[in-house]
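**Student:** I'll drop the sequence and a predicted model, then ask my questions.
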Number of protein chains: 2
Amino acid sequence: MKTQALKGMRDLLPAEQSLRDYIQGQILETYRAAGFERISTPMLEDMENLDKSDGGDNLNLIFKVLKRGEKLDAALASGDPKELSDMGLRYDLTLPLSRYYAANRNSLPTPFKVIQTDRVFRAERPQKGRLREFVQCDIDILGDSSPNAEVELIDVTTRALLKIGFTGFTVNINDRRILRGMLESMGFAPETLDTVCVTFDKMDKIGAEGVRAELTEKQLPENAIAALADFVAAGDVTLDAVAARCADPAIANDLKYVLSTAGAIAAGRYQVAYCPSLVRGQGYYTGMVFEVTCPQFSGAVAGGGRYDNMVGKFIGQQVPAVGFSIGFERVCGILLEQGYQIPGAKAKLALLYQPSADFAAVLAKAEALRAEYNVTILPQGKKLGKQLGQLESAGFAGAAFADKEEIKLFSERA
Amino acid sequence: MKTQALKGMRDLLPAEQSLRDYIQGQILETYRAAGFERISTPMLEDMENLDKSDGGDNLNLIFKVLKRGEKLDAALASGDPKELSDMGLRYDLTLPLSRYYAANRNSLPTPFKVIQTDRVFRAERPQKGRLREFVQCDIDILGDSSPNAEVELIDVTTRALLKIGFTGFTVNINDRRILRGMLESMGFAPETLDTVCVTFDKMDKIGAEGVRAELTEKQLPENAIAALADFVAAGDVTLDAVAARCADPAIANDLKYVLSTAGAIAAGRYQVAYCPSLVRGQGYYTGMVFEVTCPQFSGAVAGGGRYDNMVGKFIGQQVPAVGFSIGFERVCGILLEQGYQIPGAKAKLALLYQPSADFAAVLAKAEALRAEYNVTILPQGKKLGKQLGQLESAGFAGAAFADKEEIKLFSERA
């Protein structure tokens, strides 16, 4: 039998799990204090829902669950591989939330301010170093079309990041419609905008020349590529300059409002910036998108955006929705690397007992000691000195003994 | 698109999720105070591991994940349906823990006292009213062969149950080897003992005559059935009477030790009883088994046992192991039915604002109020009286206003 966890998935050792539980607790406390309420949904969703969810590239990364019994026999007989599966593991928490809201909206408040923190699955190629199972930590506001919903999500998410010790980060904001409006005005056809955005979003990494080369390789119209390259090369890609090429001024005004209000709230604790090339990968975003970057780490530690059409796919009636997701794996990875210590935990004490001890009395003594310590009951080893050394290395503060009053604290050693 | 959760799986509304989070927190706090450490493992396991895991009937209930890409093509070409899947969703937390211990034992203490609380999956027939996705809440001790490990698991698990408000329950204990020894001595062949045990375990429900009828139907030897029926009909199935028919007296002595020590610790807070017919469904149990029953509810609220051979399947070397699992869904269902209230949470306050408000100032006011309240920011409705009524129904303690100093507490209404 195979002892290692499946590739791209992880066994968590106790120290890492404790850190994760603490960090998640801090984030949840921040979210709950702001009146957001936690829900949960199944790990599995109907395949048809997943297939129609506008998840972009993630739709190619779904783990599908095999049908069972007669349904499997019928699927095999049909000869169509697509028939083999009727449900799949969710690739994010947004599609399940949209379905959930559609199913339960009569029992939910308006606006609905909701927390989700749970596992999602993507069949990434393991060689990319990406996880195939990971935790996302999301807040969403459903039923509020005002840009104040964006501002509040930015406020609450950044407070959670500050609370767990992140500093010096930037909240980058854009509106997809402004970017798309500009690209259309330059001569890119609407159906090519997704692929143009994917390339344009790499501007930070590959530069203006790289963007031009990649768009040419994608065989997009030369004059449109030239217009975009000229615009970028002119430098100073301001919101006003981009917005001037977008038809609806209300969109730019909302974006300016969010930038200035979120900037005022930041009060210097973090930066808020317009990022003209930001698009985010998911196909379901309809308006503003945002992500949090830290200068010390490549990639984003949080990201989100508005997805006003998703719930409507289920109920045929549009429900405004916006969400912000903390990249929990990434955040925990960074904190673990930095040697983050959990504050305020009770000291660990070992209670050692001999084989001959009255075990009911040992348990009672442990319970009494738990008023002050986190107590682990352990059989006393034959070499006490060696055992105490191991306990100290393992993070115990000291040892008590079933047959003695004395408590030996390692910090008090002579 | 389909709005309902998949059958046998559940969407959790905010009130239920809050209760579950609180209950889980209380259980975890009890476990951690006893020096148990939480870990986690992936939801998915290698199919081969799952197939060889002695999981009894659960092996027929595994959700299998379809292979992808070239591997799927090859599997389809092979024409063998078993080839279609290389991993599956775990059906319990014991197999993953055994694999985890085998993979990580050099980084883990001995004995290893471990907590797991997470989702598991079983493709149950939905008409049975069973869930296909549910949470288990387990503690295990690995590397301790002494019956004190059983005693400690019983102590810690019962303290968790008492802490969340359960009373009047019974911890039923048995040792599979004693039961099997007796059945062998009566003339049942070793390879038929599993099926005999399944029937014998129903003695409470179907009575001695029912047991005789079912064993006859299973075409087991008449003389063995008669011996068992005579033994049961004689009444007073004591541990001594059963143990007298079992070859190894040490097994009965360990069981007596656990019964008396756990009984002493119970100190009248709950019952500890010998249950001669208890076997538990999992094939991997090797010695003592236990479960917690409440007179008010049919079925068990917790169960477990010793599984000394499971880790050995991975590393070829036996590691003693024993575990106890709280049926989290069942426990939460019972508490929810009883109208359980979460103690000591901050009162909920709505902070209402007009569209014209300075939203940065609204957020700042909310943050100041959070010292005392759990504050939800909401747009003020056109009909304030109606909105306040709705907030009161939804469990809010009162409302504050972005443009007024006053806080309106519903309890203070004239």
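**Tutor:** Yep, that arrived. Numbering: from 1, shown residues only, chains lettered A, B, ... in the order given.

**Student:** what's around the closest residue to residue A:370 other than its chain neighbours, how many residues?
**Tutor:** Once flanking residues are discounted, residue A:370 sits nearest to residue B:33: 5.0 Å by Cβ to Cβ, 6 or more residues apart in numbering or on different chains. Placement of C-beta: from N, CA and C, glycine included. By the criterion of other Cβ atoms under 10 Å in any protein chain shown, residue B:33 has 20 neighbours.

**Student:** quick one: name the residues of the stretch 201-350 of chain A near chain B.
**Tutor:** Residues of the stretch 201-350 of chain A lying near chain B by Cβ under 8 Å from any Cβ of the partner chain: A:261, A:264, A:265, A:313, A:314, A:315, A:346, A:348, A:350.

**Student:** out of the residues you listed, which are buried?
**Tutor:** Buried members of those, counted by 16 or more other Cβ atoms under 10 Å in any protein chain shown: A:261, A:264, A:265, A:313, A:314, A:348, A:350.

**Student:** how about low-confidence regions in the stretch 201-350 of chain A?
**Tutor:** Within the stretch 201-350 of chain A, the set of residues satisfying pLDDT under 70 comprises A:236, A:281.

**Student:** residue of it closest to chain B, please.
**Tutor:** residue A:264 (4.4 Å; Cβ to the nearest Cβ).

**Student:** list the buried residues for the helix or strand that residue falls within?
**Tutor:** Using DSSP states H and E, residue A:264 sits in helix A:249-266. Across helix A:249-266, burial judged by 16+ other Cβ under 10 Å covers A:251-252, A:254-255, A:257-259, A:261-266.

**Student:** can you name the two of those residues that are farthest apart?
**Tutor:** Longest distance between any two of these is 22.6 Å, between A:251 and A:266; criterion Cβ to Cβ.

**Student:** how far off centre is the longest helix anywhere in chain A?
**Tutor:** For chain A, the helix with the greatest residue count under DSSP state H is helix A:14-33. Relative to its chain's centre, helix A:14-33 lies at 13 Å (Cα atoms, centre = their mean, to the nearest Å).

**Student:** need the CA coordinates for it. CSV is fine.
**Tutor:** Provided in CSV are the C-alpha atoms of helix A:14-33 (Å, rounded to 0.1, in the frame of the first residue of the first chain):
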residue,chain,number,x,y,z
PRO,A,14,0.3,18.9,14.0
ALA,A,15,2.4,22.2,14.2
GLU,A,16,1.2,23.3,10.7
GLN,A,17,-2.4,22.3,11.5
SER,A,18,-2.3,24.3,14.7
LEU,A,19,-1.1,27.4,12.9
ARG,A,20,-3.7,27.0,10.2
ASP,A,21,-6.5,26.6,12.8
TYR,A,22,-5.3,29.7,14.6
ILE,A,23,-5.1,31.8,11.5
GLN,A,24,-8.4,30.6,10.3
GLY,A,25,-9.9,31.4,13.7
GLN,A,26,-8.5,35.0,13.5
ILE,A,27,-9.9,35.5,10.0
LEU,A,28,-13.3,34.1,11.0
GLU,A,29,-13.4,36.3,14.1
THR,A,30,-12.8,39.4,12.0
TYR,A,31,-15.4,38.3,9.5
ARG,A,32,-18.0,37.4,12.1
ALA,A,33,-17.5,40.7,14.0
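
**Student:** which helices and strands sit right next to that helix?
**Tutor:** Packing contacts for helix A:14-33, counted by 3 or more Cβ pairs under 8 Å, 6 or more residues apart in numbering or on different chains; DSSP states H and E, involve strand A:37-38, strand A:112-121, strand A:133-142, helix A:148-163, helix A:328-337, strand B:37-38, strand B:374-379.

**Student:** end to end on stretch A:88-97, go ahead and measure it.
**Tutor:** Using Cα to Cα, to the nearest Å, the end-to-end distance of stretch A:88-97 comes out at 15 Å.

**Student:** and it, how far from the chain's centre?
**Tutor:** Centre-to-centre, stretch A:88-97 and its host chain are 12 Å apart (Cα atoms, centre = their mean).

**Student:** now that stretch: average pLDDT?
**Tutor:** Averaging pLDDT along stretch A:88-97 gives 96.

**Student:** and the contacts of it?
**Tutor:** Stretch A:88-97 has contacts (Cβ atoms under 8 Å, 6 or more residues apart in numbering or on different chains) with A:39, A:41-45, A:47, A:49-50, A:53, A:55, A:58-59, A:61-65, A:114, A:116, A:118, A:120-122, A:136, A:138, A:140, A:142, A:282, A:284, A:307, A:310, A:323, A:325, B:43, B:65.

**Student:** care to break chain A down by domain?
**Tutor:** When chain A is parsed with automatic domain parsing, its domains come out as A:14-43+A:90-337, A:348-412.

**Student:** as CSV, the ones you listed with distance to residue B:227 would be great.
**Tutor:** Formatted as CSV, the domains of chain A follow (distance: least, Cβ to Cβ, whole Å):
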stretch, distance to residue B:227
domain A:14-43+A:90-337, 49
domain A:348-412, 37
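
**Student:** those: which one's closest to residue B:21?
**Tutor:** Nearest of those (Cβ to Cβ): domain A:14-43+A:90-337, 6.5 Å.

**Student:** and the residue of the stretch 301-414 of chain A that's closest to chain B?
**Tutor:** residue A:376 (2.6 Å).

**Student:** and for that residue, the neighbour number?
**Tutor:** Neighbour number of residue A:376 under other Cβ under 10 Å is 23.

**Student:** and it, what does it touch?
**Tutor:** Residue A:376 sits in contact with A:348, A:349, A:350, A:351, A:396, B:34, B:35, B:113, where contact means Cβ under 8 Å, 6+ apart.

**Student:** now the buried members of the contacts of stretch A:88-97.
**Tutor:** Applying the neighbour count, that is 16+ other Cβ under 10 Å, the buried entries in the contacts of stretch A:88-97 are A:39, A:41-45, A:47, A:49-50, A:53, A:55, A:58, A:61-65, A:114, A:116, A:118, A:120-122, A:136, A:138, A:140, A:142, A:282, A:284, A:307, A:310, A:323, A:325, B:43, B:65.

**Student:** any idea how far residue A:60 is from chain B?
**Tutor:** Using Cβ to the nearest Cβ, to the nearest Å, we find residue A:60 at a distance of 9 Å from chain B.

**Student:** quick check on that residue: phi, psi?
**Tutor:** phi -80, psi 0 (degrees, to the nearest 10).

**Student:** distance of it from residue A:338?
**Tutor:** Residue A:60 sits 34 Å away from residue A:338 when distances are taken as Cβ to Cβ, to the nearest Å.

**Student:** stretch A:112-127 and chain B in contact?
**Tutor:** Yes - residues of stretch A:112-127 contacting chain B under Cβ under 8 Å from any Cβ: A:113, A:114, A:119, A:121, A:123.

**Student:** now that stretch, how far from the chain's geometric center?
**Tutor:** 7 Å.

**Student:** and residue A:45, what does it touch?
**Tutor:** Counting by Cβ under 8 Å, 6+ apart, residue A:45 touches A:87, A:88, A:90, A:95, A:96, A:99, B:6.

**Student:** let's see it at 6 Å
**Tutor:** A:90, A:96 (Cβ atoms under 6 Å, 6 or more residues apart in numbering or on different chains).

**Student:** in the sheet, who's paired with it?
**Tutor:** residue A:88 (DSSP bridges).

**Student:** ok, residue A:142 next?
**Tutor:** Counting by DSSP bridges, the residues bridging with residue A:142 are residue A:112, residue A:321.

**Student:** need the three-state assignment for the residue of chain A most remote from its centre.
**Tutor:** Distance from the C-alpha centroid of chain A peaks at residue A:356, with 51.3 Å (Cα atoms, centre = their mean). Secondary structure assignment for residue A:356 (DSSP: H, G, I helix; E, B strand; the rest coil): coil.
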